[in-house]
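K.L.:
Give me a 3D structure for the following:
(chains A, B, C and D)
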Number of protein chains: 2
Amino acid sequence: MSQARPTSPGTLAGELRVGANRLVRKLRHQRGQADLPEHQFVVLTALNKFGPMTPGALADLEGVRPPSMTRTVNALVEHGFVSKLANDQDKRQITVQLTPQGRNEIKETRRRRDAWLTKQLGSLSPEDRQTLAQASELLKRIAGH
Amino acid sequence: MSQARPTSPGTLAGELRVGANRLVRKLRHQRGQADLPEHQFVVLTALNKFGPMTPGALADLEGVRPPSMTRTVNALVEHGFVSKLANDQDKRQITVQLTPQGRNEIKETRRRRDAWLTKQLGSLSPEDRQTLAQASELLKRIAGH
DNA sequence: CTATTTAATTACTTTAGGTAACGGTCTATG
DNA sequence: CATAGACCGTTACCTAAAGTAATTAAATAG
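P.N.:
Residues are numbered from 1 along each chain as shown, chains lettered A, B, ... in the order given. Model (predicted):
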């Protein structure tokens, strides 16, 4: 494990971009027929993490425009994974919330889609897994919200 | 550095997927007007790494259907970043190869698109950068080639 | 030598995103 | 306090990038 000189941000950036892109592409390729499209799934996970939100807040969070989020939310409503709730304080707004089926779908989808990755990780040493665990935190921190 | 129990592959998979996805999404969001679309850029980098290839081989490599690759290659030809070359052994096939402008575009695009990430990495501690450097290797290993 | 297979392409469809504009609701100021 | 403007979700329409089906031309197997 040579550590001659500190890793320079510039060269690391390229390495990290390539590594992250490859993993994401591979994971996308692993996505089965049964799984929800990524843009729908991330909305479920956002609601699971932050609780009920308006479509506008979801759009901001996911970095898409409001009309796109309207479509995504409507698709999820049709699947029965979320429901829309009127807001009595401000009648312009609505609240989107997970249904029990939505919660279940998160669990099932994660299980299916992480099966491949879990297998790969299982073949690494505990030290390497520890490295990746720390890296996961750093990635999230870098990416902000 | 608390290491009470070994990081389980199952929970790590979820963390890693989220972290990698967020970074990639953020990087995509940072992509400037001047940069090529990702699907075009990755073809340039593939040609740079593996040398001249047929459209079919590129399609396999990128996990995309042949008609999509035909379009991507044609767009790159119009930009002058690659050129098509007839194959005399098998006249059904063509070879796609980088032009000098294509090579230059890779360099320039990488420089531009890594500017943001380089800045983020610069604000981390050398230890964290070391963690990410190791993680980059692991990500590439996991994702295969 | 014909029949099948293969490679790239063309034509058309699907998916997921964007912008512009609208309609109902809230809010601030004149 | 009335109304002008801002805000929120939505609708209508457009664009980008991928897919499938069908086409053309070339190689190869029987």
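K.L.:
Alpha carbons of the lowest-mean-pLDDT helix or strand in chain A, in CSV - could you do that?
P.N.:
Between all helices and strands in chain A, the lowest mean by mean pLDDT, DSSP states H and E belongs to helix A:9-30, at a mean of 86. Presented in CSV, the C-alpha positions along helix A:9-30 are these (Å, rounded to 0.1, in the frame of the first residue of the first chain):
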residue,chain,number,x,y,z
PRO,A,9,-7.1,16.4,-5.8
GLY,A,10,-6.7,16.8,-9.6
THR,A,11,-5.8,13.3,-10.5
LEU,A,12,-8.1,11.8,-7.9
ALA,A,13,-11.0,13.6,-9.4
GLY,A,14,-10.6,11.8,-12.7
GLU,A,15,-10.2,8.4,-11.0
LEU,A,16,-13.2,8.9,-8.7
ARG,A,17,-15.4,10.1,-11.6
VAL,A,18,-14.5,7.0,-13.6
GLY,A,19,-15.0,4.6,-10.7
ALA,A,20,-18.3,6.1,-9.7
ASN,A,21,-19.6,6.2,-13.2
ARG,A,22,-18.7,2.6,-13.9
LEU,A,23,-20.4,1.4,-10.7
VAL,A,24,-23.5,3.3,-11.4
ARG,A,25,-23.7,2.1,-15.0
LYS,A,26,-23.2,-1.5,-13.9
LEU,A,27,-25.9,-1.1,-11.3
ARG,A,28,-28.2,0.3,-13.8
HIS,A,29,-27.5,-2.6,-16.1
GLN,A,30,-28.4,-4.9,-13.2
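K.L.:
who are the neighbours of that helix, in terms of helices and strands?
P.N.:
In terms of contacts (3 or more C-beta pairs under 8 Å, 6 or more residues apart in numbering or on different chains; DSSP states H and E), helix A:9-30 is packed against helix A:100-122, helix B:9-30, helix B:100-122, helix B:126-143. The C-beta positions use only the backbone N, C-alpha and C, and glycine is treated the same way.
K.L.:
out of those, nearest to DNA strand D?
P.N.:
Taking C-beta to the nearest atom of the strand as the criterion, DNA strand D comes closest to helix B:9-30 out of the helices and strands packed on helix A:9-30, the separation being 10.8 Å.
K.L.:
Can you pull out the residues in contact with that closest one?
P.N.:
Under the contact criterion C-beta atoms under 8 Å, 6 or more residues apart in numbering or on different chains, helix B:9-30 has outside partners A:16-17, A:20-21, A:23-24, A:27, A:38, A:42, A:45, A:63, A:110, A:113-114, A:117-119, A:121-122, A:129, A:132-133, A:135-140, A:142-144, B:38, B:113, B:116-117, B:139.
K.L.:
Same question for stretch A:130-140.
P.N.:
Taking C-beta under 8 Å, 6+ apart as the rule, stretch A:130-140 contacts A:20, A:121, A:124, B:3, B:6-7, B:12, B:15-16, B:18-20, B:22-23, B:124, B:128, B:131-132, B:134-135, B:138-139.
K.L.:
one more time with 7 Å, if that's ok
P.N.:
Residues from elsewhere that reach stretch A:130-140 (C-beta atoms under 7 Å, 6 or more residues apart in numbering or on different chains): B:3, B:7, B:12, B:15-16, B:18-20, B:22-23, B:124, B:128, B:131-132, B:134-135, B:138.
K.L.:
for stretch A:100-109, same thing?
P.N.:
For stretch A:100-109, the external contacting residues (C-beta under 7 Å, 6+ apart) are A:35-36, A:41, A:44-45, A:48, A:80-82.
K.L.:
follow-up on the earlier one: can you select the buried ones among the contacts of stretch A:130-140 for me in PyMOL?
P.N.:
Buried residues within those, as defined by 16 or more other C-beta atoms under 10 Å in any protein chain shown, are selected in PyMOL through the command that follows:
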select buried, chain B and resi 7+12+15+16+18+19+20+22+23+124+128+131+132+134+135+138
